[in-house]
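> take this sequence and fold it.
(one chain, ligands or ions: 1)
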Amino acid sequence: MSSPHLTQLRKWMLESPPVEWGINQVRELLIGAMRQGPIPQHVAFVMDGNRRFAKNHKIEKVEGHNLGFEALARILEVCYKSGVKVVTVYAFSIENFNRTKYEVDALMEMAKIKLLQLAQHGELLDRYGASIRVLGQRNLVKEDVLEAVDRAVDLTKHNTDCALNICFPYTSRDEITTAIRNTVEDYSKPLSAHARPFSQTRITQKIRSRNLNTSPLRASSPTPSSTSDVDDSISSSTTLNPESPPNDSRENAIYPDPETITSDTIGAHIFTANDPPLDLLIRTSGVNRLSDFMLWQCHENTEIVFLDCLWPEFDLWQFMPVLVEWQWRQKHIEDKSSVIGVKALKTKIR
Ligand SMILES: CC(C)=CCC/C(C)=C/CC/C(C)=C/COP(=O)(O)OP(=O)(O)O
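Residues are numbered from 1 along each chain as shown. Sure thing, here's the model as predicted:
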């Protein structure tokens with residue numbers, strides 16, 4: 001039998017109700033088995049290889065992207081059912097604007113239609129309590145697409161158990177730059193009277209001034225010290241009068257001290273600030289690069305996995321071995337840290 005006939009026969013068999021039922025049972029069983037172990041809380045996907053898949057199957061590029069969307073819907077179900085809380089996907093890189101107008105328009109149209117479909121006929125998202133969030137440069141997206149995207153976000157915002165982060169249009173460098181810009185903006189604003197942290201110096205001055213007025217030990221009070229007004233969390237341009245209300249005029253303004261900026265400060269401005277740390281990042285299509293995705297989120301224990309299959313082919317069967325390996329490594333990390341913990345305890349006891 002010729003190959004197209006074989007493909008057709010295979011498709012027909014796989015789609016027949018008893019075979020489909022059997023496959024679904026096996027899927028449920030495998031997901032149930034995976035749930036017995038630790039589950040990554042945050043998984044990211046670079047959904048690569050849609051056009052190559054289209055080329056291999058002699059279909060339109062746009063059809064390849066459509067099949068890519070179906071693969072996303074399938075794997076979302078697997079992830080949420082397994083217990084993953086946040087899924088982040090690279091749907092459109094800022095670099096993708098360099099593709100032909102035809103393809104960019106098709107991808108934008110797809111985002112518009114599919115996201116609304118996902119949110120409106122929300123069996124999948126509502127079943128798992130998942131909300132849609134869109135991360136990226138909104139100002140690069142046309143108004144009509146933005147409206148649809150915002151509507152999809154709005155329709156699912158009541159869901160708080162899980163999340164689908166759609167990076168669109170996104171690059172990590174842009175995300176990090178935005179986070180730094182926002183941090184600088186925050187640090188350029190004077191602290192308002194109520195937002196000011198308790199300054200050690202200010203408190204000391206206040207106590208001293210009270211003592212000067214009321215304490216019988218006034219004469220023995222130490223003379224005002226030479227401590228500066230600037231403590232370790234704020235910087236000021238003038239000396240504070242402890243009794244005067246803080247004044248936010250330009251010259252009296254107190255600014256947050258840039259020395260207090262840490263990676264946590266920048267991290268709090270990153271798009272995924274409130275999400276669990278990224279446990280697993282998977283890229284399909286045999287390309288071993290991050291392509292400016294999740295550069296900030298990848299930490300010392302993020303597992304990065306490159307798979308050869310093309311994104312439209314990606315399903316539970318490709319995901320499961322990755323997850324099992326992640327669980328195995330997790331166990332290894334836990335064992336290692338408990339050995340270190342025991343060693344540290346023994347050293348302390350000695
Ligand atoms: C709105 C939404 C969530 C859409 C999801 C649809 C989807 C899978 C989008 C990915 C688009 C994209 C640029 C994929 C990369 O494959 P490629 O086109 O670079 O393929 P290639 O590597 O074979 O050239």
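> when you work out contacts or count neighbours from here on, use the C-alpha atoms and nothing else.
Fine.
> in stretch 85-95, what counts as buried?
Within stretch 85-95, the residues that count as buried by 16 or more other CA atoms under 10 Å are 85-94.
> and if you look at stretch 140-149?
Under the neighbour-count criterion of 16+ other CA under 10 Å, stretch 140-149 has 145-146, 148-149 buried.
> got it, and stretch 32-46?
Residues 34, 37-46 are the ones in stretch 32-46 that count as buried (16+ other CA under 10 Å).
> could you do stretch 121-131 as well?
Neighbour-count burial for stretch 121-131 [16+ other CA under 10 Å]: 122, 124-126, 128-131.
> endpoint to endpoint, it covers what distance?
This stretch, stretch 121-131, spans 13 Å end to end (CA to CA, to the nearest Å).
> TSV for the buried residues of stretch 140-149, including secondary structure?
Shown next, in TSV, are those (DSSP: H, G, I helix; E, B strand; the rest coil):
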residue	secondary structure
Val145	helix
Leu146	helix
Ala148	helix
Val149	helix
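> just the strands in this protein please.
Using DSSP state E, the strands of the chain run over 42-46, 86-90, 130-135, 162-167, 234-236, 254-256, 280-283, 303-306.
> and the ones you listed as JSON lines, adding distance to the ligand?
JSON lines is the format used below for these (distance: least, CA to the nearest ligand atom, whole Å):
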{"stretch": "strand 42-46", "distance to the ligand": "7"}
{"stretch": "strand 86-90", "distance to the ligand": "7"}
{"stretch": "strand 130-135", "distance to the ligand": "9"}
{"stretch": "strand 162-167", "distance to the ligand": "6"}
{"stretch": "strand 234-236", "distance to the ligand": "43"}
{"stretch": "strand 254-256", "distance to the ligand": "39"}
{"stretch": "strand 280-283", "distance to the ligand": "10"}
{"stretch": "strand 303-306", "distance to the ligand": "13"}
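> those strands: lowest mean pLDDT?
The minimum mean pLDDT among the strands of the chain belongs to strand 234-236 (a mean of 49).
> what about Cys161, how many neighbours?
I think there's a mix-up here, since residue 161 is Asp and not Cys. 14 (other CA atoms under 10 Å).
> what sits against it?
85, 128-130 (CA atoms under 8 Å, 6 or more residues apart in numbering).
> now, which of those lie within helices?
Residues of these located in helices (DSSP state H): Tyr128.
> I'd like to know which of the contacts of Asp161 is nearest to the ligand.
Proximity of the contacts of Asp161 to the ligand (CA to the nearest ligand atom) peaks at Ala130, which lies at 14.0 Å.
> name the nearest residue to the closest one, ignoring sequence neighbours.
Of all residues beyond its chain neighbours, the one nearest Ala130 is Cys162 (4.3 Å), with distances taken as CA to CA, 6 or more residues apart in numbering.
> which residues touch that neighbour?
Taking CA under 8 Å, 6+ apart as the criterion, Cys162 is in contact with 80, 84-86, 128-131.
> go with 6 Å
85-86, 129-130 (CA atoms under 6 Å, 6 or more residues apart in numbering).
> now for the residues you listed: which two are most distant?
Pairwise distances across these peak at 11.2 Å for Val86 and Gly129 (criterion: CA to CA).
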